[in-house]
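*Asks:* Here is a sequence with its predicted model. Questions after.
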Amino acid sequence: MPATRRGSTTIITMTTDNMPSGGLYRLFAWLSPSFPTGAFSYSHGLEGEVEAGRVHDRETLQRWIATMIRHGGGRIDADLLRDAYRGDEVGERGLAYRATAELALEASAQGGAFAATVAAAWTDGPRPSAAGGSRSETGEGICHAVAVGTTAAGAGVSLEDALTLYLQSFAANLMSAGLRLGIVGQTDGQRILAALEPVIAEAVAACLVRPREDFGAATFAADIASMRHETQYSRLFRS
């Protein structure tokens, strides 16, 4: 961090080489609600659960999100991110292991938007990869978690940080969906995120030691709700 003095004033010059935590800064940007992946338009089947009356308040929403992180789409995405970060070929798995057409769209559309935006805005950084050897700046054929995993690895972010921020973003988007569905308010939404902090920490720790072969989800009720959502009469969300 070069410094020069002019009279009584010290001027500090920052360059990209000495910017602190450059990779982590980028990861925060890439997983921010403002990053244009279209995450706000997906509820991961939550809208179907609300329609059925199974999720209807802060307690049930918090429990539902925690279950998705531990046993559902959050667990699948965490494992995909981990394996893609390590360079394993998981591109096809990332798109295939989705219970419904809407959940597959949620994964692939966000992956495509993520890859295209990273390529357009972060021109000096790593490019998302399908983690099967093929690279795509349009994101075609890339699942979101895989794209985040390969890009985070190229940016030099630790795997633990990448998993933590990804799952926090996953939880925050589901909480936001619950807020827009009218089952919680702003303060209760933040209470949910605060309560999910240890859940996410435990999920990250488990992911880091879980064998690659122990892959999959077990949230059948949520999958069925997603199937019903595809023909639901009135909908706010795409999934």
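*Replies:* Done, it's in.

*Asks:* wait, doesn't Arg98 sit right on Gly111?
*Replies:* No. Judged on C-beta atoms under 8 Å, Arg98 makes no contact with Gly111 at a distance of 11.9 Å. C-beta coordinates here come from the backbone N, C-alpha and C atoms, glycine included.

*Asks:* So for those two, which sits in the more crowded spot?
*Replies:* Gly111 (27 against 21; other C-beta atoms under 10 Å).

*Asks:* List the buried residues in the helix or strand containing that one.
*Replies:* For Gly111, the host element (DSSP states H and E) is helix 101-121. Using 16 or more other C-beta atoms under 10 Å as the test for burial, helix 101-121 gives 102-104, 106-119.

*Asks:* what stretches of this structure score poorly on pLDDT?
*Replies:* Along the chain, the parts satisfying pLDDT under 70 run over 1-22, 125-127, 129-140.

*Asks:* what about the helices in it?
*Replies:* With helices called from DSSP state H, the chain shows them at 22-30, 46-52, 58-71, 73-85, 91-96, 101-121, 144-155, 159-180, 186-209, 220-229.

*Asks:* Adding distance to Ser239, write these out as JSON lines.
*Replies:* Converted to JSON lines, these look like this (distance: least, C-beta to C-beta, whole Å):
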{"stretch": "helix 22-30", "distance to Ser239": "21"}
{"stretch": "helix 46-52", "distance to Ser239": "8"}
{"stretch": "helix 58-71", "distance to Ser239": "12"}
{"stretch": "helix 73-85", "distance to Ser239": "10"}
{"stretch": "helix 91-96", "distance to Ser239": "14"}
{"stretch": "helix 101-121", "distance to Ser239": "4"}
{"stretch": "helix 144-155", "distance to Ser239": "12"}
{"stretch": "helix 159-180", "distance to Ser239": "10"}
{"stretch": "helix 186-209", "distance to Ser239": "20"}
{"stretch": "helix 220-229", "distance to Ser239": "7"}
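
*Asks:* looking at the ones you listed, which is closest to Pro36?
*Replies:* Closest approach to Pro36 among the helices of the chain (C-beta to C-beta): helix 101-121, 5.6 Å.

*Asks:* send the alpha carbons of that closest one over as CSV?
*Replies:* C-alpha atoms of helix 101-121 as CSV (Å, rounded to 0.1, in the frame of the first residue of the first chain):
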residue,chain,number,x,y,z
ALA,A,101,-39.0,-28.9,-14.1
GLU,A,102,-39.3,-25.6,-12.1
LEU,A,103,-36.4,-26.5,-9.8
ALA,A,104,-34.3,-27.4,-12.8
LEU,A,105,-35.2,-24.1,-14.4
GLU,A,106,-34.3,-22.3,-11.1
ALA,A,107,-30.8,-23.9,-11.1
SER,A,108,-30.0,-23.5,-14.8
ALA,A,109,-31.5,-20.0,-15.4
GLN,A,110,-29.6,-18.6,-12.4
GLY,A,111,-26.5,-20.3,-13.5
GLY,A,112,-26.8,-18.8,-16.9
ALA,A,113,-27.4,-15.3,-15.6
PHE,A,114,-24.5,-15.6,-13.1
ALA,A,115,-22.0,-16.7,-15.8
ALA,A,116,-23.1,-14.0,-18.2
THR,A,117,-22.9,-11.3,-15.6
VAL,A,118,-19.5,-12.4,-14.2
ALA,A,119,-18.1,-12.4,-17.8
ALA,A,120,-19.5,-9.0,-18.6
ALA,A,121,-18.7,-7.1,-15.4
